[in-house]
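1. predicted structure and sequence below. I'll ask about it afterward.
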Amino acid sequence: MKYLIVFFIICCSAFIFSSCDSSTDSKSTSTTPPSLVSPYDNDSNVATLTPFQWTGEANVIWIDVNPSFPSPLSYTVTGTSYTLTTPLSPNSLYYWKAGKIVGSTTYWSSNYYYFRTGN
């Protein structure tokens, strides 16, 4: 009986530890990048504290005055929208894109959108 109890404890421990998450688990992770929704491409008179929206999963958005994004404003995001807390400059042209970070790789939206802020 004592051996049966020990065997039971070992089996339970093995089951518990084999189902733990770890960095070596081979779980399927989607690498599908988000799709941009708004501000729309070539939008104008956009609020300086505009909400950004996308579909799919994203955890970062970049906003820059240059389409190659050399010095972007970078925001960590969740869900499918993010509203700026610091206003953008009025009457300025901006580019934005959203990305999904998986490990050390960022899967960016297939395009970027540009928009002009209002007064």
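-> Thanks, I have it.
2. okay, strands next: where are they in the chain?
-> With strands called from DSSP state E, the chain shows them at 35-38, 43-46, 51-55, 60-64, 73-76, 81-83, 93-102, 105-108, 113-117.
3. paired strands for the fourth one, with orientation please.
-> Paired strands of strand 60-64, with direction, are strand 73-76 (antiparallel), strand 93-102 (antiparallel) (DSSP bridges).
4. before we move on, what about the first one?
-> Taking DSSP bridges as the criterion, strand 35-38 pairs within the sheet with strand 51-55 (antiparallel).
5. spatially central residue for the chain, please.
-> In the chain, the centroid-proximal residue (Cα atoms, centre = their mean) is residue 59; its distance is 1.6 Å.
6. how close does that residue sit to residue 76?
-> Between residue 59 and residue 76 the distance is 6 Å, computed by Cβ to Cβ, to the nearest Å. All C-beta spots, glycine's among them, are computed from the backbone N, C-alpha and C.
7. what's stretch 37-50 in contact with?
-> 51-55, 80, 83-85, 87-90, 96, 111, 113-118 (Cβ atoms under 8 Å, 6 or more residues apart in numbering).
8. excluding chain neighbours, what is closest to residue 97?
-> Closest residue to residue 97 apart from its sequence neighbours, by Cβ to Cβ, 6 or more residues apart in numbering: residue 112 at 4.2 Å.
9. residues near that neighbour, how many?
-> Using other Cβ atoms under 10 Å, residue 112 has 19 neighbouring residues.
10. surely it is in contact with residue 66?
-> No: using Cβ atoms under 8 Å, residue 112 is not in contact with residue 66, being 10.5 Å away.
11. which residues do the two both contact?
-> By Cβ under 8 Å, 6+ apart, the residues touching both residue 112 and residue 66 are residue 95.
12. wait, doesn't residue 95 sit right on residue 112?
-> Yes: applying Cβ under 8 Å, one finds residue 95 in contact with residue 112, separated by 5.0 Å.
13. and the strands of the chain as a markdown table, adding distance to residue 29?
-> Shown next, in a markdown table, are the strands of the chain (distance: least, Cβ to Cβ, whole Å):
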| stretch | distance to residue 29 |
| --- | --- |
| strand 35-38 | 18 |
| strand 43-46 | 32 |
| strand 51-55 | 18 |
| strand 60-64 | 16 |
| strand 73-76 | 18 |
| strand 81-83 | 22 |
| strand 93-102 | 5 |
| strand 105-108 | 10 |
| strand 113-117 | 26 |
